[in-house]
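*Asks:* quick one: sequence plus predicted model below, questions after.
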Amino acid sequence: MARAATKTLGRSLGVLTASTNREIDAAFARAVEQRVDALVIARSKLFIERRLQLTMLSMRHVLPAMLYNRKFAEVGGLMSYSPNTTDQFRQAGIYVGRLLKGEKVADLPVMQPTKFELVINAQTAQLLGVEVPTTLLALADEVIE
């Protein structure tokens, strides 16, 4: 799906992997070597924990990056798009309530996130020289100045 979307935009999609700090540094070096225009960093506990490292590397290499967690944008990453945590906790509370009322776990449906949030760090965009379209800024749930 992602490959088809990038092809439609006249772009290509490359995949870089990392599972340690050293591999993250090496992946960024490969991205720069391959003249990557931007990064979409996948959902990973390691990447969320290393969001400061990812942000610093992104800034050092002037490489716009988007991560699957608002904490990334809050510490200086360009943007994030992820499920709304507050809404997820609300849904979990509803599940707990249903269980406490006697429903069986097996009878509860599997829930997918329904509310997502886009967070854009406008200051980082300016530092990276990225012009974020006003329409995208208007759609954002939060713009960090």
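*Replies:* That came through, no problem. Residues are numbered from 1 along each chain as shown.
*Asks:* neighbours around residue 3, how many?
*Replies:* Here the count is done by other C-beta atoms under 10 Å, and residue 3 has 11 residues near it. Bear in mind the C-beta positions are built from the backbone N, C-alpha and C, glycine included.
*Asks:* contact partners of the host helix or strand of it?
*Replies:* Per DSSP states H and E: residue 3 is located in helix 2-8. Residues outside helix 2-8 that contact it (C-beta atoms under 8 Å, 6 or more residues apart in numbering): 12-13, 40.
*Asks:* in strands, which of those fall?
*Replies:* By the criterion of DSSP state E, membership of the contacts of helix 2-8 in strands covers residue 40.
*Asks:* where does this protein dip in pLDDT?
*Replies:* Within the chain, the stretches with pLDDT under 70 are 1.
*Asks:* hmm, back to that, for whichever helix or strand comes after the helix holding residue 3, C-alpha coordinates in PDB please.
*Replies:* Later in the chain than helix 2-8, the nearest helix or strand by DSSP H and E is helix 21-33. Extracted in PDB, the C-alpha atoms of helix 21-33 (Å, rounded to 0.1, in the frame of the first residue of the first chain):
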ATOM      1  CA  ASN A  21      21.400   2.800  18.900                       C
ATOM      2  CA  ARG A  22      24.300   2.000  16.600                       C
ATOM      3  CA  GLU A  23      22.000   0.600  13.900                       C
ATOM      4  CA  ILE A  24      19.900   3.800  14.100                       C
ATOM      5  CA  ASP A  25      23.000   5.900  13.500                       C
ATOM      6  CA  ALA A  26      24.000   3.600  10.600                       C
ATOM      7  CA  ALA A  27      20.400   3.800   9.100                       C
ATOM      8  CA  PHE A  28      20.500   7.600   9.100                       C
ATOM      9  CA  ALA A  29      24.000   7.500   7.400                       C
ATOM     10  CA  ARG A  30      22.500   5.100   4.700                       C
ATOM     11  CA  ALA A  31      19.500   7.500   4.300                       C
ATOM     12  CA  VAL A  32      21.800  10.400   3.700                       C
ATOM     13  CA  GLU A  33      24.000   8.300   1.400                       C
END
